[in-house]
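> what follows is a predicted protein model with its sequence.
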Amino acid sequence: MVHEHRDSAASARLSRRTLVAALGAVAAGAALGVPRAVAAGAGTAAATGLDDPAKKEIAMKLVSSAENSSLDWKAQYKYIEDIGDGRGYTAGIIGFCSGTGDMLDLVQLYADRKSGNVLATYLPALRKVNGSDSHSGLDPDFPKDWRKAAQDTAFQTCQDDERDRVYFDPAVAQGKTDGLRALGQFCYYDAIVMHGDGDDSTSFRNIRKRALRTAEPPAQGGDETAYLNAFLDARVWAMKQEEAHSDTTRVDTEQRVFLRKGNLDLKTPLDWKVYGDSYHIG
């Protein structure tokens, strides 16, 4: 199973506190001072936004092709393993990690919604291992209990909700603020999934800042294709800074393929490759 993930625990926690707290301002365009109509997703962006249910399903499949080597993203609720990347256990539909804080937040949400569930007893251990690759207090039964919890629709909903709160919704909001259509919003989402949104140089916000040095987004009067090329250039640079992310095919033979074809609205059919494997959405 192929899986790549984000930055440090501190950066992941920062993502939750700052990005989610600022979401209203971002959606309103206050961060960039863009027109209210653009920030609200009016016009073209609204018609082709990644938060449209059909487009969102496409986004989930695209990410799963890179993260899980499968288009069946819903089969990943039960996924859990330590992939040896220093982030402890990686699990679920978006790769929640025991070492980066998002798994702790997820399990806490599940406990809040359904007390006495099979994972609730691991909360003290998850707090202790946060920020490390340790399995202390989790082994030997945590993977088995995770897979058991994944059969519960309440836990599946928790995974969906945390994915949206921490990664999907902020990416789409920033994309709309920048005047980007579905493809650009997806490029943002895929970057946040892998890199998080902390203060380190390879985080989403700093990838975006790097792109802004050479191109302007549509909301600032720039050309959308030129800006997305600049963003993907910055994304590739960030990926190459860490060995675990150094294979850039999810950009080179996926996102750039759509961009070269001018498919800024992510219209089907879609054909792409990741790690040499071919995929199709009709």
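Done, it's in.

> list the contacts of the nearest residue to D178 once chain neighbours are set aside.
Closest residue to D178 in three dimensions, ignoring its sequence neighbours and counting by CB to CB, 6 or more residues apart in numbering: P217, at 3.8 Å. C-betas here are computed from N, CA, C, even on glycine. With CB atoms under 8 Å, 6 or more residues apart in numbering as the criterion, the residues that contact P217 are 178-180, 184, 224, 227.

> look at P217 and report its pLDDT.
In this model, P217 is scored at 98, pLDDT.

> and the strands in the stretch 51-200 of the chain?
With DSSP state E, counting those that start in this stretch applied, the stretch 51-200 of the chain shows strands at 80-82, 89-91, 96-97, listed in chain order.

> CSV for the ones you listed, including mean pLDDT?
Written out in CSV, the entries for these read as follows (pLDDT from 0 to 100):
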stretch, mean pLDDT
strand 80-82, 96
strand 89-91, 96
strand 96-97, 94
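
> possible to save those as CSV with mean neighbour count and distance to D161?
Putting the strands of the stretch 51-200 of the chain into CSV (neighbours: other CB atoms under 10 Å; distance: least, CB to CB, whole Å) gives the following:
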stretch, mean neighbour count, distance to D161
strand 80-82, 17, 19
strand 89-91, 26, 16
strand 96-97, 27, 12
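
> got JSON lines for those, with distance to A173 too?
Rendered in JSON lines, the data for these read as follows (distance: least, CB to CB, whole Å):
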{"stretch": "strand 80-82", "distance to A173": "30"}
{"stretch": "strand 89-91", "distance to A173": "26"}
{"stretch": "strand 96-97", "distance to A173": "21"}
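
> to S115, which of these lies closest?
Across those, S115 has its closest neighbour in strand 96-97 (20.3 Å, CB to CB).

> picking up where we left off before, so which of the contacts of P217 is the closest to D85?
Here the nearest of those to D85, counting by CB to CB, is G184; it sits at 27.9 Å.

> quick one: neighbours of the closest one, just the number.
29 (other CB atoms under 10 Å).

> list the buried ones in stretch 63-71?
For stretch 63-71, burial by neighbour count (16 or more other CB atoms under 10 Å) applies to 63-68, 70-71.

> how far is it from where the chain is centred?
Stretch 63-71 sits 12 Å away from the centroid of its parent chain (CA atoms, centre = their mean, to the nearest Å).

> need the CA coordinates for it. CSV is fine.
Once side chains and other backbone atoms are set aside, the C-alpha atoms of stretch 63-71 remain, and they are given as CSV (Å, rounded to 0.1, in the frame of the first residue of the first chain):
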residue,chain,number,x,y,z
VAL,A,63,-6.0,11.2,-3.8
SER,A,64,-6.7,7.5,-3.1
SER,A,65,-4.9,6.5,-6.3
ALA,A,66,-1.8,8.2,-5.0
GLU,A,67,-2.1,7.4,-1.3
ASN,A,68,-3.6,3.9,-1.6
SER,A,69,-3.0,2.7,-5.2
SER,A,70,-6.7,2.3,-5.5
LEU,A,71,-9.8,4.3,-6.6
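
> residues contacting it, please?
With contacts defined as CB under 8 Å, 6+ apart, stretch 63-71 is touched by 1-4, 61, 72-73, 75-76, 79, 93-95, 189-190, 193, 250, 254, 272, 274-275, 277, 279, 281.

> just the buried members of these?
Looking at the contacts of stretch 63-71 with 16+ other CB under 10 Å, the buried ones turn out to be 3-4, 61, 73, 76, 79, 93-95, 189-190, 193, 250, 254, 272, 274, 279.
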